[in-house]
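A.B. asks: Next comes the sequence, and after it the predicted model I'd like to discuss.
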Amino acid sequence: MTNFSDPALGTYAIVASLVGVHLILLAFWTGTVRARNKKFVNPEDAGAFKGDQAEADHPDVLRVKRAHQNALENAVPFFAIGLLYALSGPSRLGAQAYFFTFLGARVLHSVFYLAQKQPFRTMMFAIGALATIGMAVHVLRVAIAM
Amino acid sequence: MTNFSDPALGTYAIVASLVGVHLILLAFWTGTVRARNKKFVNPEDAGAFKGDQAEADHPDVLRVKRAHQNALENAVPFFAIGLLYALSGPSRLGAQAYFFTFLGARVLHSVFYLAQKQPFRTMMFAIGALATIGMAVHVLRVAIAM
Amino acid sequence: MTNFSDPALGTYAIVASLVGVHLILLAFWTGTVRARNKKFVNPEDAGAFKGDQAEADHPDVLRVKRAHQNALENAVPFFAIGLLYALSGPSRLGAQAYFFTFLGARVLHSVFYLAQKQPFRTMMFAIGALATIGMAVHVLRVAIAM
């Protein structure tokens, strides 16, 4: 049996999977940029990957890590609140609007972070956060009314 | 249709939404404290927000980030284990006790972190972590017995 | 009522609870190693736990924190994608293979991180990430086909 015949849960399944894969791709990208710069904080990494041990990661690695950390900080409330929103009986259109807005804002946030584009990065952060807060308000209203 | 007629899932919906909003508010608070101190690690932020580029965030920003990071580290296991606990058929009273204990402990943890109050902050961390472990033990007992 | 009679959801309940407890144990371990080294970034901690205030955590504490951060970054997509995979109607065997592979890889990742073993740590990271991506592909195929 599958539970994705409910359109809101089906849309959440698509968007949450893509947000999760996006997080994993940022982790792989950190490793790629680190390997390219051959500076490693862990001495065992410097040995295994024939690089140098360093006090801190290369600035390019630190930038990817900041983008990843921001993605993680915003994906965590989305994963929980988005699922509850999908279970709260939203309209099909409302669910699609919230979920795809969040997905688009967070993908663009990573692009703008790596491309060093401001104030666009901060705008994308705000759009993603406000979408999540909007869904939380919907969940709270439905759950408190029960 | 809504799924919050189950009292445990309804309480989880309320508490998880508030824990999620709490995380987003800590992210906004980081940005506010950073803008107030006008020191930015990203050079493009210093340009866009008319501040100075710096090697590291201001100590006040670092404190909010540590509070946020601790909140995130503890919210992640709670979101997953709390949902499974709600789905495991707990008593209404047990669910309310666990969920509101976790919520109260984590809100107070952030307050005590920003107000620099010890050992109260560590006590709140321990209460939240033990509540999550208690729910995990309940989930494991129910799931393994199936 | 309990929902763990579905074998895939029951296996997810066991594995996700253990992954969550694993995260909490890494948080406790950070605190233990920090208390042993008696160096604290927060001045109020140095006062309460009779240690010294320092600019940065002890290198042993930083290693546990890096292991914890990597565990967190990989648990977050797993919690969301793994739940959706369990709800997508997988085969019992497929669910057990994916879930126990992820759990084993992540437990070994922490062991290898703390024991400074490479390239085994990176291999465990890759196995866990690929298992999560495999589940995401399954979820996307089922959800898009609806």
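C.D. replies: Looks like it arrived, so ask away.
A.B. asks: C-alpha from now on. contacts and neighbour counts both.
C.D. replies: OK.
A.B. asks: Can you tell me which residues in chain A are near chain B?
C.D. replies: Of all the residues in chain A, those in contact range of chain B (CA under 8 Å from any CA of the partner chain) are A:73-74, A:76-78, A:80-81, A:84, A:87-89, A:116-119, A:129, A:133, A:136, A:139-140, A:142-144, A:146.
A.B. asks: Now list the buried members of those.
C.D. replies: Among the residues of chain A next to chain B, the ones that count as buried by 16 or more other CA atoms under 10 Å in any protein chain shown are A:73-74, A:76-78, A:80-81, A:84, A:87-89, A:116, A:118, A:129, A:133, A:136, A:139-140, A:142-143.
A.B. asks: wait, does stretch A:22-41 contact chain C?
C.D. replies: Yes: applying CA under 8 Å from any CA, one finds stretch A:22-41 touching chain C at A:Leu23, A:Ile24, A:Ala27.
A.B. asks: give me the element the last one is part of.
C.D. replies: It refers to A:Ala27. Under the criterion of DSSP states H and E, A:Ala27 resides in helix A:7-37.
A.B. asks: can you pull out the helices in chain A?
C.D. replies: When secondary structure is read from DSSP state H, chain A shows helices at A:7-37, A:43-48, A:59-87, A:92-114, A:120-145.
A.B. asks: Tell me how many other residues crowd A:Phe102.
C.D. replies: For A:Phe102, the tally of surrounding residues (other CA atoms under 10 Å in any protein chain shown) stands at 26.
A.B. asks: nope, A:Gly94 is what I was after
C.D. replies: Burial of A:Gly94, expressed as a neighbour count using other CA under 10 Å, amounts to 12.
A.B. asks: re the thing from before, columns neighbour count on top of the residues of stretch A:22-41 next to chain C, output as CSV?
C.D. replies: CSV is the format used below for the residues of stretch A:22-41 next to chain C (neighbours: other CA atoms under 10 Å in any protein chain shown):
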residue, neighbour count
A:Leu23, 23
A:Ile24, 22
A:Ala27, 20
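A.B. asks: which among the residues you listed gets closest to B:Leu103?
C.D. replies: For those, the closest approach to B:Leu103 (CA to CA) belongs to A:Leu23, at 26.5 Å.
A.B. asks: Surely that closest one is in contact with A:Asn70?
C.D. replies: No: taking CA atoms under 8 Å as the definition, A:Leu23 is not a contact partner of A:Asn70, at 10.1 Å.
A.B. asks: sorry, back to before: I'd like to know which of the helices of chain A is closest to C:Gly94.
C.D. replies: Nearest of the helices of chain A (CA to CA): helix A:7-37, 17.9 Å.
A.B. asks: quick one: average pLDDT of the closest one?
C.D. replies: Confidence for helix A:7-37, expressed as mean pLDDT, is 96.
A.B. asks: May I see the buried residues of it?
C.D. replies: Within helix A:7-37, judged by 16+ other CA under 10 Å, the buried ones are A:7-24, A:26-27, A:29-31, A:33-35, A:37.
A.B. asks: which residues of chain A score low on pLDDT?
C.D. replies: Along chain A, the parts satisfying pLDDT under 70 run over A:1-2.
A.B. asks: out of the residues of chain A next to chain B, which touch chain C?
C.D. replies: On the criterion CA under 8 Å from any CA, A:Val76 are the entries of the residues of chain A next to chain B that sit beside chain C.
A.B. asks: residue nearest the centroid of chain A?
C.D. replies: To find the centre residue of chain A, average its C-alpha atoms and take the closest one (CA atoms, centre = their mean): that gives A:Ala71, at 3.7 Å.
A.B. asks: Spit out the contact partners of that one.
C.D. replies: When contacts are counted by CA atoms under 8 Å, 6 or more residues apart in numbering or on different chains, A:Ala71 touches A:Leu23, A:Arg106, A:Ser110.
A.B. asks: buried sites along stretch A:59-69?
C.D. replies: The neighbour-count criterion (16+ other CA under 10 Å) identifies A:Val61, A:Arg63, A:Val64, A:Lys65, A:Ala67, A:His68, A:Gln69 as the buried residues of stretch A:59-69.
A.B. asks: can you put the residues you listed in TSV and add distance to C:Gly51?
C.D. replies: As requested, the buried residues of stretch A:59-69 are arranged in TSV below (distance: CA to CA, whole Å):
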residue	distance to C:Gly51
A:Val61	33
A:Arg63	33
A:Val64	34
A:Lys65	31
A:Ala67	34
A:His68	33
A:Gln69	30
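A.B. asks: quick one on the thing from earlier: quickly note the distance from the residue nearest to the centre of chain A to chain C.
C.D. replies: A:Ala71 sits 10 Å away from chain C, taking CA to the nearest CA, to the nearest Å as the criterion.
A.B. asks: A:Leu140 too?
C.D. replies: As it turns out, when the distance is counted by CA to the nearest CA, A:Leu140 lies 21 Å from chain C.
A.B. asks: got it, and A:Phe40?
C.D. replies: Separation of A:Phe40 from chain C (CA to the nearest CA) stands at 12 Å.
A.B. asks: That residue contacts A:Gly47, correct?
C.D. replies: No: the criterion here is CA under 8 Å, and A:Phe40 misses it with A:Gly47 at 9.2 Å.
A.B. asks: Which of the two has more residues huddled nearby?
C.D. replies: Neighbour tally, A:Phe40 and A:Gly47, criterion other CA under 10 Å: the higher count belongs to A:Phe40, 22 against 14.
A.B. asks: Name whatever forms a beta bridge with the more buried one.
C.D. replies: On DSSP bridges, the residues paired with A:Phe40 through beta bridges are A:Gln53.
A.B. asks: ok, it - contacts?
C.D. replies: Applying CA under 8 Å, 6+ apart, one finds that A:Phe40 lies in contact with A:Arg34, A:Ala46, A:Gly51, A:Asp52, A:Gln53, A:Ala54, A:Ala56, A:Asp57.
A.B. asks: Can you turn the buried part of these into a ChimeraX selection?
C.D. replies: Here is the ChimeraX command that selects only those of these that count as buried (16+ other CA under 10 Å):
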select /A:34,46,51,53,57
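A.B. asks: Looking at the contacts of A:Phe40, which is nearest B:Met124?
C.D. replies: A:Ala56 (32.0 Å).
A.B. asks: thought the closest one was touching A:Asn42?
C.D. replies: No: with contact defined as CA under 8 Å, A:Ala56 does not reach A:Asn42; the gap is 9.6 Å.
A.B. asks: and for those two, which residues touch both?
C.D. replies: With CA under 8 Å, 6+ apart applied, the contact sets of A:Ala56 and A:Asn42 do not overlap.
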